[in-house]
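Asks: Here is a sequence with its predicted model. Questions after.
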Protein chains: 2
Amino acid sequence: MNEYTKSKLNRVKRGANRAIYDVEKINTILDAGFLCYVGYIYDGKPITIPMAYCRKGDKVYIHGSTANRMLLSILESEETSITVVHLDGLVLARSGLHHSVNYRSVTLFGSLKKIEKDSDKTDILEWIVNQMVPNHWDSLRPMYQKELDRTLVVEMTIETASAKVRDVGVADEPEDYELPIWAGIVPIKQIAEYPIPDKGKPENMEIPKHIIDYYEANK
Amino acid sequence: MNEYTKSKLNRVKRGANRAIYDVEKINTILDAGFLCYVGYIYDGKPITIPMAYCRKGDKVYIHGSTANRMLLSILESEETSITVVHLDGLVLARSGLHHSVNYRSVTLFGSLKKIEKDSDKTDILEWIVNQMVPNHWDSLRPMYQKELDRTLVVEMTIETASAKVRDVGVADEPEDYELPIWAGIVPIKQIAEYPIPDKGKPENMEIPKHIIDYYEANK
């Protein structure tokens, strides 16, 4: 599948010119982050919960405690969506109306499954940690069985999705370009600052190369 | 009111030790951002939409087109929540389980109202623009009536809310502190880069002081 089929659920209504259904472009946006927003319904209200995630193929994984109210609720109802947003800039126009932001966002819908096998859970936790900081998992101590036992891993098979991307300049009314008003883009990005060692041994250890690499790539 | 009353809706279950119900602390988190996540239910599914917002007192305002499906839906059902999240750091522990992030997040619930009066709408759009870039509105051309006519402004009166904040170091198992594994915090922040002028007059204009001030405060 190269493109998600447009349906009632994923068809972008507002700003349809910015809509993307291409699977590869959507995956690129997903792979650029590690924090997603999971929607669930509690007491009739839609609530948004930030969570770490990883993507492998057409699956997205999230995890939490086996007592996590939200995860248990979406596993039961299968009524959820997952949203990822990267903010790339402020669009400062000549008029209030045309103020906007540049961004890349994705919303995913799909079927949910609880991961049961310990070896699968371990693999997925490795992917989640490595989606946050590449190559990080191998530097950690292995999971204890009791830790795996109290971790709930949820798999979403992406069934339909859409992205919206705005990555252009200011779009003002034609007549406004004559006004003596400053307009432009203020680029925004998320950066990492230099790693701060925990107390104890890390204070006297070299920071591992993969963490320095992460800092260099994101500073 | 100094603190939101804990109810079924806003009581934090997971990580209750990080929960905050203090009105002033919640307002401080709200005032540190301008992008919120609005939850709504479409076709039975909870969907999360990123939107600009501003806060004034116990009100939060969002806006969009008068044809915005999500805004019309939440005005009718009043079933929504608004979430704001600031990511402050990666918490790299010695074990996978204790990996976390430092963050400040708020979830708001309340009653909704459509703003009808043009003068009120104009005031609120000014607050929304200025929550993004302080003191910015006065540099723009005034709104046209037809622009106001096609803008829907929605007010939420915050009735209950909760925040979660994690702002501490690594919290590993006691025995893990002896392991020769690097652990620590990688601070994360959202920054602004130098403003890029739009084509035309802005290329030959001085960047207004309030925009340079924004850049300097966020670079």
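Replies: On my side now, so go ahead. None of these values were measured; they are calculated from a predicted model. Numbering: from 1, shown residues only, chains lettered A, B, ... in the order given.

Asks: okay, CA-based contacts and neighbour counts for the rest of this
Replies: OK.

Asks: Check chain A for its longest helix and report it.
Replies: The single longest helix within chain A, with elements called by DSSP state H, is helix A:118-132.

Asks: Against which helices or strands is the helix or strand just after it packed?
Replies: Using DSSP states H and E, the next helix or strand after helix A:118-132 towards the C-terminus is helix A:145-149. Counting contacts by 3 or more Cα pairs under 8 Å, 6 or more residues apart in numbering or on different chains; DSSP states H and E, helix A:145-149 is packed against helix A:118-132.

Asks: can you give me the helices in chain A?
Replies: A:23-31, A:69-77, A:118-132, A:145-149, A:209-218.

Asks: Kindly reformat those helices as CSV containing distance to residue B:213, mean pLDDT and mean neighbour count.
Replies: Listed next are those as CSV, based on distance: least, Cα to Cα, whole Å; pLDDT from 0 to 100; neighbours: other Cα atoms under 10 Å in any protein chain shown:
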stretch, distance to residue B:213, mean pLDDT, mean neighbour count
helix A:23-31, 31, 97, 17
helix A:69-77, 41, 96, 17
helix A:118-132, 32, 98, 18
helix A:145-149, 48, 97, 12
helix A:209-218, 24, 98, 15
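
Asks: quick one: which of those helices is nearest residue B:27?
Replies: Comparing these by their distance to residue B:27 (Cα to Cα), the top pick is helix A:69-77, with 25.1 Å.

Asks: Tell me how far that closest one lies from the chain's centre.
Replies: 19 Å (Cα atoms, centre = their mean, to the nearest Å).

Asks: cool, stretch A:177-191 as well?
Replies: In terms of Cα atoms, centre = their mean, the centre of stretch A:177-191 is found 26 Å from the chain centre.

Asks: any idea of the mean pLDDT for that stretch?
Replies: Per-residue pLDDT over stretch A:177-191 has a mean of 97.

Asks: Quick check: end-to-end length of it?
Replies: 34 Å (Cα to Cα, to the nearest Å).

Asks: Can you point out the buried residues in it?
Replies: When burial is assessed from 16 or more other Cα atoms under 10 Å in any protein chain shown, stretch A:177-191 yields the following buried residues: A:177, A:181, A:182, A:183, A:184, A:185, A:186, A:187, A:188, A:189, A:190, A:191.

Asks: Report the contact partners of the residue of chain A positioned farthest from its centre.
Replies: In chain A, the residue that sits farthest from the middle, by Cα atoms, centre = their mean, is residue A:178; the gap is 39.9 Å. Taking Cα atoms under 8 Å, 6 or more residues apart in numbering or on different chains as the criterion, residue A:178 is in contact with residue B:201.

Asks: Recalculate using a threshold of 7 Å.
Replies: By Cα atoms under 7 Å, 6 or more residues apart in numbering or on different chains, the contact list for residue A:178 is empty.

Asks: I'd like to know how far it sits from residue A:80.
Replies: Residue A:178 is 47 Å from residue A:80, where distance means Cα to Cα.

Asks: show me where chain A has strands.
Replies: Applying DSSP state E to chain A gives strands spanning A:19-20, A:35-42, A:45-52, A:54-56, A:59-65, A:81-92, A:100-114, A:151-166, A:184-192, A:196-197.

Asks: Find me whatever residue is spatially closest to residue A:5, sequence neighbours aside.
Replies: Nearest residue to residue A:5 in three dimensions, chain neighbours excluded: residue A:160, at 6.8 Å (Cα to Cα, 6 or more residues apart in numbering or on different chains).

Asks: How is chain A divided into domains?
Replies: Chain A breaks down into these domains under automatic domain parsing: A:16-188, A:191-219.

Asks: that older thread, may I see the helices of chain A organised as TSV, with distance to residue A:51 added?
Replies: Formatted as TSV, the helices of chain A follow (distance: least, Cα to Cα, whole Å):
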stretch	distance to residue A:51
helix A:23-31	13
helix A:69-77	11
helix A:118-132	11
helix A:145-149	18
helix A:209-218	20
